[in-house]
Structure formats: C-alpha cells, structure tokens
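1. sequence and computational prediction follow.
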Amino acid sequence: MRGVLAVLAALALYSVACTLKPLDSSDGGADAGSTSSLGGQCTRIETAYCQRAMDCLVYSGTLTQCVNDAELKCCADKCGNPSPTSDGDVATCVQAIGQLDCNSVATGASPAVCANVPKVQ
C-alpha cells in the first residue's frame, strides 16, 4: 500500500512541478537575465521538487529517475530551446520549493512563485 501511495504522490508531484502555459500575448518575449535552456531550468526545478519529495519520504526512487521522468513533462520536445523565463525567477521558485512542508509536497502543492516557471512557448 505504501508503494501505491508513493507512486500516486510522485504523479501528483510531477503534475505540479512545472506549470506549462503559453506566454500571454502581452508578455513581449524573453525576461531579462535568462541565459538557460528550458531543459536546464526544468532540471533545476525538478531537482528541487524531487529532492524535497525524497526528504519527505514521498518518493522512494532515485533522484535521477525522478528528475528524468518529471523533466519530460516540464519541457517535452522543447527542452533545448532558450527559455524566456529569467534565471532569477527559477531561483526564487527553487528556493520556495525547498521551503515546502511535507504535507504540501505529498499533496502536490506548488508555491505560487512557481506558476508559469519556466514559461514554455
């Protein structure tokens, strides 16, 4: 039963780890300070989520497996594209993920500062 709960929690985690929404037409393009690819930013975010899930005993697989599985859902076939999201926004999101309580991690909650981070066009 615990294994099933871990899988369900991991799936919930994957679904919120990246909020993929297209850029609003009023967004005007890339944010200042972005030097990363979508894949690089997804890796940073997914690593933070997966590490937190492992710390909270919500995910029992390896960090590499967790990140690889989640990254595909984060940037899909656009992982090599330049990111319009600033590296600062990614860092803020990563920091917020590290502060999530274990109940939030287990239920798949995502910090508000992580909404649309990274932006996928």
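-> Nice, thanks for sending it over.
2. mind listing the helices in this protein by residue range?
-> Using DSSP state H, the helices assigned to the chain run over residues 2-17, 38-55, 63-75, 87-98, 102-107.
3. what's the fourth one packed up against?
-> Counting by 3 or more Cβ pairs under 8 Å, 6 or more residues apart in numbering; DSSP states H and E, the packing neighbours recorded for helix 87-98 are helix 38-55. Using the backbone N, CA and C atoms, a C-beta is placed for each residue, glycine as well.
4. for the closest residue to C102 other than its chain neighbours, the count of nearby residues, please.
-> Once flanking residues are discounted, C102 sits nearest to C56: 3.6 Å by Cβ to Cβ, 6 or more residues apart in numbering. Counted with other Cβ atoms under 10 Å, residues neighbouring C56 total 17.
5. what of G61?
-> G61 sits with 14 neighbouring residues when counted by other Cβ under 10 Å.
6. how much space between it and D101?
-> 21 Å (Cβ to Cβ, to the nearest Å).
7. okay, now the unreliable bits of the chain?
-> For the chain, the stretches with pLDDT under 70 are 1-35.
8. mind running it again at 50?
-> Within the chain, the segments meeting pLDDT under 50 span 1-33.
9. on that earlier part again, thought the residue nearest to C102 was touching G108?
-> No. Counting by Cβ atoms under 8 Å, G108 is not a contact partner of C56; they are 11.9 Å apart.
10. what's the burial count for V120?
-> For V120, using other Cβ under 10 Å, the count is 22.
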